[in-house]
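Asker: The sequence and its predicted three-dimensional model are supplied below.
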Amino acid sequence: MRFIKTLLLITILGGGTLFAGYATFKGFGVQNAMYPQGISIRQDSVSGSRPGVVPFGRGPRVHRGGGLSRGK
Amino acid sequence: METEKYNLEKVRPRPPYTPKTIQCPSCGGGLSQKDEHSELIVCDYCGSHLDVSEEEKTVLGKGPGQKPKFPLEIGDAFHYRNTRFEIIARMEFIEDGDRTEQTLQYLLYNPRMGTMWLAAYKRNYSISKDTHVMPEDDAFTKSRGDTLDTHDGRKWVCEGRGTYELTYVDGALPWIAKIRDRIDYAEFSEMSGSGEQYEVQSIGDEIEYGAGRALSIASVRKATRKPDLEKTAAEKAGRMKQRVQESPPENVALTRKYYLRLLAIAALALLINGALAAYTFMQGKRVLSQTFSAEELNEGIETNPFRVSRANNVIKITTKAWPKLSNEWMALDVVMVREDDMMIHEYDGSIEYYHGSSGGEKWSEGGQTHNLYLRVPQKGYYRLALGGVSARGNTPKSSRTTHGIQVRVKDRVVFPWLFVASTVLSLVFLILIGLSFKSWKDEDDD
């Protein structure tokens, strides 16, 4: 029983370490660029409803509410 | 010359002691003093306790009326390592006044080999012999799992200690034992797990040391030539092939080793994962660090260009509200733009931080920073365009910000949180094993 428990601990912690290494190597938790080829932000190339780069000419932002508005 | 004269080179066995016959001063019964070291003899006929340490025998009194049930009798043989011993005394000890905590001890005697002790606690037998090997520390300060060195260079692990009380004695003992004598004991197992035992007993002002080992019930049956020893009626009748095996006594040295092994594994995993987490945190080179005021952010800002040194590098973009948010939210839109004015990524880097106290307890939620780990497909120069608004937590809409922003970018980073999670997992296991080890050590103190 003790041998099995020791083996289990090695499996969990060793497996955890190996998985962390593998996942880090594979880039888990890292986002890929949304537009790898890029989208032009020049005014003449804007198409559709996109108003250009986000920070410019933006309307008011609506907040979903935080701690206070949740009644804390 | 002296050697020849006294024939010292020849090893001769000690001549056996010839038993003496004495008469009980109380009832006149004839008793045999088999061991020359006996100081107390309990009369077989009237139960009187006799002091036989002096030439004149003295009656010390009578023992308790109720005799405990001993599986072995006075005079029974016990064969151990090709030597026939005989049981010449029996004692019953009770710990903490609890009759289930009963220890039976038998004094084994052989005229050439002297005496040994056979002890039985809940069908677990052990045999020991007096030793002059002393401990280097006070054995009575040790608790379960602690180690003890003896002067012969050996190491022992404490099984436990306690105090028991003599409740019955018969036969012949090498000291004047009195009913209700209290004996402090500390028991140890050899550290390598060989099963050898070391024991220290304190009786009044005297301290005795013993060394021995555990015996299986099978070996005790063989040694006593009593194949039915400690068998139930059903076992004797053959209705049960084998009695359900009671758990053998714990070898504390092996248990301690087991816990230390688990602790070492968890500590090693913690060390490796902690080092890897620290290594991954330290990776990367800062390529941008800029601070913008609220006024600038209200106008919309672009950072200085920063360089991504290789294609598919992971960069870390950190945005931090400045001054700090306090029950406020900050909506932040971030766009990453390549040097040829092509947007490659956009994201919502909103930050919010709330705190307060509720029911006397302080709480907080959210944070002051937002981090993004992003894989950049091409190397080259990039810049960030940011716009944000902020407001108090109970304000649903805002079109301006009262906070500025700090922006930092690191190139060639590694995502560290998986190793952090693995480190936390190892730490949790280390703590759980440590608590379990402590609980095991404290069990004996209950």
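Answerer: Sure thing, it's come through. Everything numeric in this text was worked out from a predicted model, so none of it was measured. Residues are numbered from 1 along each chain as shown, chains lettered A, B, ... in the order given.

Asker: what stretches of chain B score poorly on pLDDT?
Answerer: Where chain B drops to pLDDT under 70, the residues are B:1-18, B:55-61, B:63-65, B:238-248, B:444-446.

Asker: list the buried ones in the longest strand anywhere in it?
Answerer: Counting by DSSP state E, the longest strand found in chain B is strand B:155-173. By neighbour count with 16 or more other Cβ atoms under 10 Å in any protein chain shown, strand B:155-173 contains the buried residues B:156-161, B:164, B:166-173. No exception for glycine: its C-beta is placed from N, CA and C like everyone else's.

Asker: Need the distance between the two termini of stretch B:66-79.
Answerer: 29 Å (Cα to Cα, to the nearest Å).

Asker: Can you list the neighbours in contact with it?
Answerer: Residues outside stretch B:66-79 that contact it (Cβ atoms under 8 Å, 6 or more residues apart in numbering or on different chains) are B:44, B:84-90, B:92, B:102, B:104, B:106, B:108, B:118, B:120, B:167-168, B:170-171, B:222-226, B:229-230.

Asker: Might you name the residue of chain B sitting closest to chain A?
Answerer: B:Gly387 (2.3 Å; Cβ to the nearest Cβ).

Asker: Go ahead and confirm that residue touches B:Thr319.
Answerer: No. B:Gly387 is not in contact with B:Thr319 according to Cβ atoms under 8 Å; the separation is 11.7 Å.

Asker: Overlap of the contact sets of those two?
Answerer: Common neighbours of B:Gly387 and B:Thr319 (Cβ under 8 Å, 6+ apart) are B:Leu332.

Asker: still on that earlier bit, now do the longest strand of chain B: which elements does it pack against?
Answerer: Secondary-structure packing of strand B:155-173 (3 or more Cβ pairs under 8 Å, 6 or more residues apart in numbering or on different chains; DSSP states H and E): strand B:40-42, strand B:83-95, strand B:98-110, strand B:147-149, strand B:182-190, helix B:252-282.

Asker: so what secondary structure elements neighbour the longest one?
Answerer: When contacts are defined as 3+ Cβ pairs under 8 Å, 6+ apart, helix B:252-282 packs onto helix A:2-26, strand B:155-173, strand B:182-190, helix B:417-443.

Asker: how about these in JSON lines, adding distance to B:Ser293?
Answerer: Listed next are the helices and strands packed on helix B:252-282 as JSON lines, based on distance: least, Cβ to Cβ, whole Å:
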{"stretch": "helix A:2-26", "distance to B:Ser293": "37"}
{"stretch": "strand B:155-173", "distance to B:Ser293": "67"}
{"stretch": "strand B:182-190", "distance to B:Ser293": "71"}
{"stretch": "helix B:417-443", "distance to B:Ser293": "32"}
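
Asker: what separates B:Gly75 from B:Leu173, distance-wise?
Answerer: Here the criterion is Cβ to Cβ, to the nearest Å. By it, B:Gly75 lies 15 Å from B:Leu173.

Asker: burial of B:Asp98, as a residue count?
Answerer: 9 (other Cβ atoms under 10 Å in any protein chain shown).

Asker: Tell me which of the helices and strands packed on helix B:252-282 sits nearest to B:Arg307.
Answerer: Using Cβ to Cβ as the measure, helix A:2-26 is the one of the helices and strands packed on helix B:252-282 that comes nearest B:Arg307, at 23.7 Å.

Asker: So in that sheet, which strands flank the next helix or strand after that closest one, and in what orientation?
Answerer: Of the helices and strands lying after helix A:2-26 in sequence (DSSP states H and E), the nearest is strand A:31-32. Next to strand A:31-32 in the sheet, as set by DSSP bridges, lie strand B:369-376 (parallel).

Asker: what's in contact with the partner strand?
Answerer: Contacts of strand B:369-376 (Cβ under 8 Å, 6+ apart): A:27, A:29-33, B:308, B:311-321, B:332, B:334, B:336, B:344-345, B:347, B:349-351, B:382, B:413, B:415.

Asker: hmm, back to that, for the residue of chain B closest to chain A, what are phi and psi?
Answerer: Dihedral pair for B:Gly387: phi -140, psi 140, per degrees, to the nearest 10.

Asker: any low-confidence regions in chain A?
Answerer: Using pLDDT under 70, chain A drops low at A:42-72.

Asker: Can you measure across stretch B:137-144, start residue to end residue?
Answerer: 15 Å.

Asker: Near the nearest residue to B:Asp170 once chain neighbours are set aside, how many other residues are there?
Answerer: Nearest-residue entry for B:Asp170: B:Val42, 4.4 Å, with adjacent residues in sequence omitted and distances by Cβ to Cβ, 6 or more residues apart in numbering or on different chains. Neighbourhood size, B:Val42 [other Cβ under 10 Å]: 24.

Asker: Kindly report the same for B:Ala214.
Answerer: So B:Ala214, with other Cβ under 10 Å, has 17 neighbours.

Asker: hang on, it packs against B:Asn124?
Answerer: Yes. The pair B:Ala214 and B:Asn124 qualifies as a contact (Cβ under 8 Å) at a distance of 6.8 Å.

Asker: just to revisit the earlier point, show me what contacts the residue nearest to B:Asp170?
Answerer: Neighbouring residues of B:Val42 by Cβ under 8 Å, 6+ apart: B:48-50, B:63, B:89, B:169-172.

Asker: and it, bridged to which residues?
Answerer: B:His49.

Asker: That one and B:Ile179, how far apart?
Answerer: Relative to B:Ile179, and taking Cβ to Cβ, B:Val42 is found at 11 Å.

Asker: ditto for B:Pro19
Answerer: According to Cβ to Cβ, B:Pro19 stands 26 Å off from B:Ile179.

Asker: what do you get for B:Thr232?
Answerer: 30 Å.

Asker: Who has more neighbours out of the two?
Answerer: Just comparing B:Thr232 and B:Ile179: by other Cβ under 10 Å the higher neighbour count belongs to B:Ile179, 16 against 11.

Asker: you'd agree that one is in a helix?
Answerer: No. Counting by DSSP: H, G, I helix; E, B strand; the rest coil, one finds B:Ile179 to be coil, located in no helix.

Asker: That one and B:Phe93 touch, don't they?
Answerer: No. If you go by Cβ under 8 Å, B:Ile179 and B:Phe93 don't touch, sitting 10.9 Å apart.

Asker: Overlap of the contact sets of these two?
Answerer: With Cβ under 8 Å, 6+ apart, B:Ile179 and B:Phe93 have common neighbours B:166-167.

Asker: Let me know the outermost residue of chain B.
Answerer: Going by Cα atoms, centre = their mean, the residue of chain B most distant from its centre is B:Asp340, 65.3 Å out.

Asker: which residues touch the residue nearest to that residue when sequence neighbours are not counted?
Answerer: Distances taken as Cβ to Cβ, 6+ apart place A:Gly38 nearest to B:Asp340, at 7.2 Å, with adjacent residues excluded. Shown in contact with A:Gly38 (Cβ under 8 Å, 6+ apart): B:338, B:340, B:342-344.

Asker: returning to what we had before: what bridges to the residue of chain B closest to chain A?
Answerer: B:Asp333.

Asker: so what's the nearest residue to B:Trp156 once chain neighbours are set aside up against?
Answerer: Distances taken as Cβ to Cβ, 6+ apart put B:Phe188 closest to B:Trp156, at 3.6 Å, once the chain neighbours are dropped. By Cβ under 8 Å, 6+ apart, the contact list for B:Phe188 reads B:139, B:142, B:148, B:156-159, B:197-200.

Asker: what about B:Phe188, distance to B:Asn327?
Answerer: For B:Phe188, the distance to B:Asn327 equals 62 Å [Cβ to Cβ].

Asker: Stretch B:301-320: end-to-end distance?
Answerer: 15 Å.

Asker: Go through it and flag the buried ones.
Answerer: By neighbour count on 16+ other Cβ under 10 Å, the buried set for stretch B:301-320 is B:301-303, B:306, B:308, B:313-320.
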